[in-house]
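Q: Just need the structure, nothing else, for what follows:
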Amino acid sequence: MNIHFEKGIKPSLIARVTGGKLIGEDKPLTGITNDSRCVEPGSMYVAIRGERFDGHDFIEDAFRAGASCVLVDNIKDGIIPLDCCAVLVNDTIYALGAVSKYQKEKVSPYTVAVTGSTGKTTTKEFIYAVLREGGLADKTEGNFNNNIGLPLTMLKVQPGCKYLVLEMGMSFQGEIEYLSHLACPDMAVITNIGDSHIENFGSREKIRDAKLEIRSALKSGGKTILNGDEPLLSGVENGVYVAMHNEKADYYVCDIISHDCMCTTFDIIHKGKKTEDITIPVIGDHYVFDAAIAYAVGCELGLDDDKIKAGLRNFKNTGMRQNIYKVKGVTIIEDCYNAAPLSMSASLSVLDMIARREKGRSIAVLGDMRELGDYSRALHEEVGEKVASLKIDRLYTFGSDAAFIAHGAKAAGMSEENIFVFRDLDAASSVAEALLADIKEKDAVLFKASRAVKLERVIEQMKEN
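A: Down below sits the predicted model:
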């Protein structure tokens, strides 16, 4: 992705903002990118060192593609073409962050930062849908939620932007603190505390502490929207709580009704007032909660109910998240973007609900959940217990860790004849063949796994056959 600058930024300014050294000509830049394949004439190429590559190896390629400047931590003599330049810094990732912070502060949009173990991307999309009803808004795209993606998101914010919604991901302690200091949010959101990345933290309490880092650079008086059903998040200063079970929360969700597997309506009680018939074009209690957070954000910012409700009605899901469609009378729930114990459990409830409504069988195709470390077996087995408790009709597992889902389901009483285990992640075609031989009209089939599993391959194989 090449981020275009509406007004050219000079390399000398970037050198000043980053504490770097300018070498060569000082001509205005047309944009910036960290991908040498996306370089456009007059843009700056940022050379980043990664685990599998070093962007400095592509400096000459960037110049050949038309880059007029490179942001680097070292550069060979004689490599800079005439009329071009380099900004030499100690660390290009930190320099990228410094430039993005400078640019965002110039535009100064009201910034909402979102994190959580699950649901943060969907919640971000709901918040964006609400806030764009109140003015020009921008948001994190795709998985640009880390120390490279978040600065690139901030750099693309155009003058006149009123609201900016930033997603913040993490794998280790300190990551969200760094992102928070780049973004300096006006409001923070924590969707939940789950088990994602627990192998790097060791406990949910430590995951909570890492998530709360989002408040480390929260602007004075800034509010934090929190999960009011999560005891680990109670008592946060300036906390505004949203809940589906705790009636004492600031925003309490009630009267949830799913309609024809296409949309959901619900009510919210806030300060004694009930707002009725809030509609979202997806189903599942986890989506209702994400939407309720967005409602709270809009309400706290003073948007009227009509605008908030219109935004939620116009919500559009992203990527491979809960894409529900029918193929030859079979309902497919394609939810292959990612998976964690909480989201897996929520998706199973949606599967059960749809199967009951369609009066067909429920079939769960579940793959590995990653980054669970020493807790992996136990957490996969808990998902299996959920499968059994919901009386899911068929269970297909895909991957070595997912086999523990099968073990948990069997231990919880699911009949072994309804469980099918595929440990080899190269066996997508075998899973597809087994499913095609099994599924019948009116069945509902859920596909869910961590992104690394690429479970959508099974769906693609089924469609080909």
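
Q: alpha carbons only for contacts and neighbour counts from here, please
A: Will do.

Q: And the pLDDT at Tyr375?
A: Predicted confidence (pLDDT) at Tyr375: the value is 89.

Q: quick one: it from Ile198, how far?
A: According to CA to CA, to the nearest Å, Tyr375 and Ile198 sit 8 Å apart.

Q: Mind checking which of the two has more residues around it?
A: More crowded of Tyr375 and Ile198, by other CA atoms under 10 Å: Ile198, with 22 against 14.

Q: residues in contact with that one?
A: By CA atoms under 8 Å, 6 or more residues apart in numbering, the contact list for Ile198 reads 204, 207, 371-373, 375.

Q: from these, which would you call buried?
A: Buried by 16 or more other CA atoms under 10 Å: 204, 207, 371-372, out of the contacts of Ile198.

Q: Now, the residues you listed that are in helices?
A: Those of the buried ones among the contacts of Ile198 mapping onto helices are 204, 207, per DSSP state H.

Q: In JSON lines: the buried ones among the contacts of Ile198, plus pLDDT.
A: Listed next are those as JSON lines, based on pLDDT from 0 to 100:
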{"residue": "Arg204", "pLDDT": "89"}
{"residue": "Ile207", "pLDDT": "92"}
{"residue": "Glu371", "pLDDT": "84"}
{"residue": "Leu372", "pLDDT": "89"}
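
Q: For stretch 342-358, buried residues please.
A: For stretch 342-358, the buried set under the neighbour-count rule, 16+ other CA under 10 Å, comprises 342-355, 358.

Q: Can I get the helix or strand harbouring Ser430 as CSV, trimmed to CA atoms?
A: Using DSSP states H and E, Ser430 sits within helix 428-438. This file holds the C-alpha atoms of helix 428-438, laid out as CSV (Å, rounded to 0.1, in the frame of the first residue of the first chain):
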residue,chain,number,x,y,z
ALA,A,428,-8.1,-30.1,3.0
SER,A,429,-9.4,-32.1,0.0
SER,A,430,-10.0,-35.1,2.3
VAL,A,431,-12.1,-33.0,4.6
ALA,A,432,-14.0,-31.6,1.7
GLU,A,433,-14.7,-35.1,0.3
ALA,A,434,-16.0,-36.3,3.6
LEU,A,435,-18.2,-33.3,4.1
LEU,A,436,-19.7,-33.6,0.6
ALA,A,437,-20.5,-37.3,1.3
ASP,A,438,-22.2,-36.3,4.6
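
Q: what about the helices in the stretch 201-350 of the chain?
A: Taking DSSP state H, counting those that start in this stretch to define them, one finds helices in the stretch 201-350 of the chain at 204-211, 285-300, 305-313, 341-358.

Q: Let's have those helices in TSV, adding distance to Phe422.
A: Output for the helices of the stretch 201-350 of the chain, formatted as TSV (distance: least, CA to CA, whole Å):
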stretch	distance to Phe422
helix 204-211	30
helix 285-300	28
helix 305-313	39
helix 341-358	18
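
Q: picking up where we left off before, quick one: mean pLDDT over the following helix or strand past the helix holding Ser430.
A: Next helix or strand after helix 428-438 toward the C-terminus (DSSP H and E): strand 444-448. Mean pLDDT, computed over strand 444-448, is 97.

Q: elements contacting strand 444-448?
A: With contacts taken as 3 or more CA pairs under 8 Å, 6 or more residues apart in numbering; DSSP states H and E, strand 444-448 sits against strand 330-335, helix 341-358, strand 362-367.

Q: can you rerun that using 10 Å?
A: Applying 3 or more CA pairs under 10 Å, 6 or more residues apart in numbering; DSSP states H and E, one finds that strand 444-448 makes contact with strand 323-327, strand 330-335, helix 341-358, strand 362-367, strand 394-398, helix 456-464.

Q: so how far is it from its chain's centroid?
A: Distance of strand 444-448 from the chain centroid (CA atoms, centre = their mean, to the nearest Å) equals 20 Å.

Q: what angle separates that strand from strand 330-335?
A: 20 degrees (axes from the mean of the first three to the mean of the last three CA atoms, to 10 degrees).

Q: Sheet-wise, list the partners of strand 444-448 with their directions.
A: Its sheet considered, strand 444-448 pairs with strand 330-335 (parallel), strand 362-367 (parallel) by DSSP bridges.

Q: what angle do that strand and helix 456-464 make?
A: Angle, strand 444-448 to helix 456-464, by the same axes, to 10 degrees: 140 degrees.

Q: CA atoms of strand 444-448 as CSV?
A: Presented in CSV, the C-alpha positions along strand 444-448 are these (Å, rounded to 0.1, in the frame of the first residue of the first chain):
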residue,chain,number,x,y,z
ALA,A,444,-26.0,-25.8,8.6
VAL,A,445,-22.2,-26.0,8.5
LEU,A,446,-19.8,-23.8,10.4
PHE,A,447,-16.2,-23.4,9.3
LYS,A,448,-14.0,-21.7,11.9
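
Q: how big is the angle separating that strand from helix 428-438?
A: 170 degrees.

Q: shaky segments in this structure?
A: For the chain, residues meeting the criterion pLDDT under 70 lie at 261, 319-320.

Q: Show me the residue at the heart of it, geometrically.
A: Thr121 (3.1 Å; CA atoms, centre = their mean).

Q: tell me the contacts of the closest residue to it other than its chain neighbours?
A: Counting by CA to CA, 6 or more residues apart in numbering, Glu167 is the residue found nearest to Thr121 once chain neighbours are left out, at 6.7 Å. Going by CA atoms under 10 Å, 6 or more residues apart in numbering, Glu167 touches 112-116, 120-125, 139-146, 149-150, 153, 179, 189.
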